[in-house]
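1. with the sequence up front, the predicted model follows.
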Amino acid sequence: MARIKLQLPTLFHFSTEIDVRVGDLNYGNHLGNDVYLSMMQEARMRFFKKYGFSEMDLAGVSVIMGDTAIVFKQECFYGNVLKIEIAAAEFSARSFDLYYRFSKTADQSLVAEAKTGMVCFDYISRKTVEVPERFKSLFE
């Protein structure tokens, strides 16, 4: 089986911490794979907020997720506190990638690596639009 491999950037622009809650657990009594997407969105919202943006107002445009990949490294359990780091990279005219590194705060061990391809989008015209220079210039 071919495994997904992500090449994470060396520089991360943001980090936040999120606790693993009892409702985040699946039947295996560990963090459910679907919860990673929710945690990525929460971390992404905090990341955008740090720079004065949101998913609906990224310097005048919105963003929509074009794709995602998650590579799991180890299990997480109730009570673990996860540090989620984010880096913005791979800018094109209408999209960019956000990379996520999940680690346990207790021992800094790597839990997961992830990427979301974010596309700048106009929800009124239902069309893609250019990445705002004001956002792009913060990370290039």
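-> Right, received. Where do you want to start?
2. please count neighbours and contacts with C-alpha atoms only from this point.
-> OK.
3. okay, buried residues for the longest helix that the chain contains please.
-> Scanning the chain for the helix with the most residues, using DSSP state H, yields helix 33-50. Buried residues in helix 33-50, counted by 16 or more other C-alpha atoms under 10 Å: 36-37, 39-40, 43-44, 46-48.
4. now those residues as TSV including distance to E113?
-> Shown next, in TSV, are the buried residues of helix 33-50 (distance: C-alpha to C-alpha, whole Å):
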residue	distance to E113
Y36	10
L37	12
M39	12
M40	11
A43	14
R44	14
R46	18
F47	17
F48	19
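5. can you give me the helices for the protein?
-> 33-50, 133-136.
6. just to revisit the earlier point, could the buried residues of helix 33-50 go into a markdown table alongside pLDDT and distance to V22?
-> Shown next, in a markdown table, are the buried residues of helix 33-50 (pLDDT from 0 to 100; distance: C-alpha to C-alpha, whole Å):
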| residue | pLDDT | distance to V22 |
| --- | --- | --- |
| Y36 | 98 | 14 |
| L37 | 97 | 17 |
| M39 | 98 | 14 |
| M40 | 98 | 18 |
| A43 | 98 | 19 |
| R44 | 98 | 22 |
| R46 | 98 | 22 |
| F47 | 98 | 25 |
| F48 | 98 | 27 |
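7. how about the strands in the chain?
-> 14-19, 62-72, 81-89, 95-104, 110-122, 127-128 (DSSP state E).
8. will you turn those into JSON lines that also has mean neighbour count and mean pLDDT?
-> Below are those laid out as JSON lines (neighbours: other C-alpha atoms under 10 Å; pLDDT from 0 to 100):
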{"stretch": "strand 14-19", "mean neighbour count": "16", "mean pLDDT": "98"}
{"stretch": "strand 62-72", "mean neighbour count": "16", "mean pLDDT": "98"}
{"stretch": "strand 81-89", "mean neighbour count": "22", "mean pLDDT": "98"}
{"stretch": "strand 95-104", "mean neighbour count": "23", "mean pLDDT": "98"}
{"stretch": "strand 110-122", "mean neighbour count": "21", "mean pLDDT": "98"}
{"stretch": "strand 127-128", "mean neighbour count": "14", "mean pLDDT": "98"}
